[in-house]
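Q: Generate a structure from the sequence data that follows.
(2 chains)
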Amino acid sequence: MQAEEFYQTLGVDRSALERLGFNPYYRPLGGLCRGRPRSEGEVCYDLASNDYLGLASEPRIHQAMASALQDYGSSMCGTPIASGYARILGELEGELARFVGLEAAVVFPSCYQANLALFPAIAARADVILVDHYAHASLAQGIKAVGCKIKPFLHNDLEHLEKQLAAATGFRQSFVVTESVFSTEGSVAPLGAIVELCRRYEAIPVVDDSHGLGVLGQRGRGILEAQALCDFEGIYTASLGKALANVGGVIAGKRALIEALRYSCPGLIYSTALPPVCAAGSLRALEIIGQDFGALGRALWQNHRQLAEKLEARGFELQKGAAPIAAIRCPSPEQTIALAKEFRRQRILTTPFVPPSVPPGQGVLRLIVGAKLDGPALGQLLSALEGVAAGILEGAIPA
Amino acid sequence: MKIEEKVLSIIRANTEEKEGVTLVSDLRKELRLDSFGTLMVINALEDAYGITVDEADFTQVNRVSDVVALLRSKYHCT
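A: Model prediction:
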């Protein structure tokens, strides 16, 4: 194939976006500014980001990062196994392990990278991996990279999972992979029951708590706290780019696992370490959550309840979930984009999910209000929602 | 049990969209099978019939009846 022909095969079909006159992806944005970012000259409402607690605009975090910039510079310019292991990165790993209640932790440059690197490092072709149908792309890609038997199970369906576990015989090791919060649904995994099934069938549970860390539990410590799993013997992963308002990913669990990853996980040892400035930000975020989660958590849930009530009053049907995520299921990908456009018309930024992020033929519009809007701003948002027409999901798509 | 009934029963038990699964249901448009959804159905068919299904075969099938035809013709299931 000639180069020109090859590059033509990489084309993106934008016809639906062009027909709708709106492309919600890669739109330039100013800073999050406590939930009021600037987008194309307008001050908007941020219901799109994962800044659950509003910590992206927290001055104490900015100060910690500025101080680390002075101390360490912009980057360690090395892999963690060599010259990239800044002292503050080690401190963050120790604090993350304590925060979620596990023996040890290791930090990657992103959670996508952590999930992608984890499975080829711990599993083999002789193993079987059972995975929730709606697991995140990073988990799916990491699992596929192993080359072992993959057995998906119906979303959050314990009976289906048990059937799969009972039938999974003759493998060296079984793993059961799930997320704590499924972010396109807002649903929360019955992790306690999954862990119990894993004990019975000698499987290792793996949970991605990206949307639970800093969100779930009385103290914001995530799914393990929320479901009282104080003796979790599985593998825990999470993003530092959501409630912690930074970047990076963590894998936590038994000390033996973390030591093995430190020395034998290519996705960690051949990748430039997380910059110290980011480690400092996450470290400070954990401290703030430890001190202030009472008030932040209350605001997070109060704001979410008010948003959900307003959306339902406007005629939107929300997916039933136990997380502070408002997810509107849309009948088609095109209607999902049209609805995002309708919200944007009222200066409300949302996240539209279309296939392959969701199953074929449908879409989900996700809104996360979080704790970031104060009383007056929330009131203004609720007024702006009065102008959003739910009818767009019923009739034909406007040109 | 006839193969049609058995396949319908397997698909109903292994898809998120359980309502209204019939022989003419479209696997992707109506049953919304994505890659893991398809794999779930393939695994269940393999367990039920003791066969190993080539995943590439499933790119050629659209409806439940096509699955039945595939099992009959290529895997000699009855």
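Q: Show me the longest helix that occurs in the chain.
A: You didn't say which chain, so I picked chain A. Looking across chain A with DSSP state H, the single longest helix is helix A:276-313.
Q: meant chain B, my bad for not saying
A: Scanning chain B for the helix with the most residues, using DSSP H, yields helix B:35-49.
Q: Which parts of that one count as buried, going by neighbours?
A: B:36, B:37, B:38, B:39, B:40, B:41, B:42, B:43, B:44, B:45, B:48, B:49 (16 or more other CB atoms under 10 Å in any protein chain shown). Where C-beta positions appear, they are placed from N, C-alpha and C, glycine not excepted.
Q: mind checking how far stretch A:65-76 is from the chain centre?
A: 26 Å (CA atoms, centre = their mean, to the nearest Å).
Q: Same check on stretch A:143-161?
A: Centre-to-centre, stretch A:143-161 and its host chain are 19 Å apart (CA atoms, centre = their mean).
Q: Give me the buried stretch members for it, please.
A: Buried residues in stretch A:143-161 (16+ other CB under 10 Å): A:143-146, A:148-156, A:160-161.
Q: ok, back up a step: hmm, the longest helix of chain B in reach of chain A?
A: Yes: Helix B:35-49 is in contact with chain A by CB under 8 Å from any CB of the partner chain, via B:35, B:36, B:37, B:39, B:40, B:43, B:47.
Q: ok so, going back, and the buried residues of helix B:35-49, which two are furthest apart?
A: Using CB to CB, the buried residues of helix B:35-49 reach their maximum pairwise distance at B:36 and B:49, which is 20.6 Å.
Q: now the helices for chain A?
A: So, for chain A - with DSSP H - the helices run A:3-8, A:15-20, A:59-72, A:87-100, A:111-122, A:137-144, A:158-167, A:191-201, A:223-226, A:255-264, A:266-269, A:276-313, A:333-345, A:375-385.
Q: residues in chain A within reach of chain B, list them.
A: Listed as neighbours of chain B in chain A under the rule CB under 8 Å from any CB: A:131, A:133, A:135, A:140, A:150-155, A:160, A:164, A:167, A:355-356, A:359-362.
Q: Now do the same for the residue in the stretch 51-200 of chain A positioned nearest to chain B: its pLDDT.
A: In the stretch 51-200 of chain A, the residue that lies nearest chain B is residue A:152 (4.1 Å; CB to the nearest CB). In this model, residue A:152 is scored at 98, pLDDT.
Q: What's opposite it in the beta bridge?
A: With DSSP bridges applied, residue A:152 shows beta-bridge pairing to residue A:131.
Q: Return the residues in contact with residue A:390.
A: A:314, A:315, A:316 (CB atoms under 8 Å, 6 or more residues apart in numbering or on different chains).
Q: Give the buried residues for stretch A:63-80.
A: Across stretch A:63-80, burial judged by 16+ other CB under 10 Å covers A:64, A:65, A:68, A:72, A:76, A:80.
Q: before we move on, what about stretch A:348-359?
A: Neighbour-count burial for stretch A:348-359, counted by 16+ other CB under 10 Å, picks out A:348, A:349, A:350, A:351, A:352, A:353, A:354, A:357, A:358, A:359.
Q: again with stretch B:4-20
A: By 16+ other CB under 10 Å, the buried positions in stretch B:4-20 come out as B:6, B:7, B:8, B:10, B:11, B:12, B:13, B:14, B:15, B:16.
Q: Over to the fifth one: give its phi and psi.
A: If I follow you right, that is residue B:11. phi -70, psi -40 (degrees, to the nearest 10).
Q: Same question for the second one.
A: In this entry, residue B:7 is assigned phi and psi values of phi -70, psi -40 (degrees, to the nearest 10).
Q: From residue A:219, how far off is it?
A: 49 Å (CB to CB, to the nearest Å).
Q: same deal with the third one?
A: Taken as CB to CB, the spacing of residue B:8 relative to residue A:219 amounts to 48 Å.
Q: Low-confidence stretches in the stretch 151-300 of chain A?
A: Counting by pLDDT under 70, the stretch 151-300 of chain A contains no low-confidence range.
Q: Would you map the helices across chain B?
A: Under DSSP H, chain B gives helices at B:3-13, B:35-49, B:64-75.
Q: Could you export those helices to a markdown table, including columns for mean pLDDT?
A: Listed next are the helices of chain B as a markdown table, based on pLDDT from 0 to 100:
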| stretch | mean pLDDT |
| --- | --- |
| helix B:3-13 | 95 |
| helix B:35-49 | 95 |
| helix B:64-75 | 94 |
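Q: I'd like to know which of the ones you listed is closest to residue A:89.
A: helix B:35-49 (34.4 Å).
Q: Using PDB, write out every CA atom in that closest one.
A: Extracted as PDB, the C-alpha positions of helix B:35-49 are listed here (Å, rounded to 0.1, in the frame of the first residue of the first chain):
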ATOM      1  CA  SER B  35     -17.000  -7.100  21.400                       C
ATOM      2  CA  PHE B  36     -17.300  -8.400  24.900                       C
ATOM      3  CA  GLY B  37     -21.100  -9.100  24.400                       C
ATOM      4  CA  THR B  38     -20.300 -11.200  21.400                       C
ATOM      5  CA  LEU B  39     -17.500 -13.000  23.200                       C
ATOM      6  CA  MET B  40     -20.000 -13.800  26.000                       C
ATOM      7  CA  VAL B  41     -22.400 -15.400  23.500                       C
ATOM      8  CA  ILE B  42     -19.500 -17.300  21.800                       C
ATOM      9  CA  ASN B  43     -18.200 -18.600  25.200                       C
ATOM     10  CA  ALA B  44     -21.700 -19.800  26.100                       C
ATOM     11  CA  LEU B  45     -22.200 -21.600  22.800                       C
ATOM     12  CA  GLU B  46     -18.800 -23.200  23.100                       C
ATOM     13  CA  ASP B  47     -19.700 -24.500  26.600                       C
ATOM     14  CA  ALA B  48     -23.100 -25.700  25.500                       C
ATOM     15  CA  TYR B  49     -22.000 -27.600  22.400                       C
END
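Q: What is the burial count for residue B:52?
A: Burial of residue B:52 is recorded as 8 neighbouring residues (other CB atoms under 10 Å in any protein chain shown).
Q: Residue B:74 versus that one, what's the distance?
A: From residue B:52 to residue B:74 the distance is 11 Å (CB to CB).
Q: try residue A:28
A: Distance, residue A:28 to residue B:74, by CB to CB: 51 Å.
Q: ok, back up a step: want to throw the helices of chain B into TSV with distance to residue A:321?
A: Output for these, formatted as TSV (distance: least, CB to CB, whole Å):
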stretch	distance to residue A:321
helix B:3-13	24
helix B:35-49	20
helix B:64-75	30
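Q: sorry, back to before: go through the longest helix of chain A and flag the buried ones.
A: A:276-286, A:288-289, A:292-293, A:296-297, A:299-300, A:303-304, A:306-308, A:310-311.
Q: No further questions, thank you.
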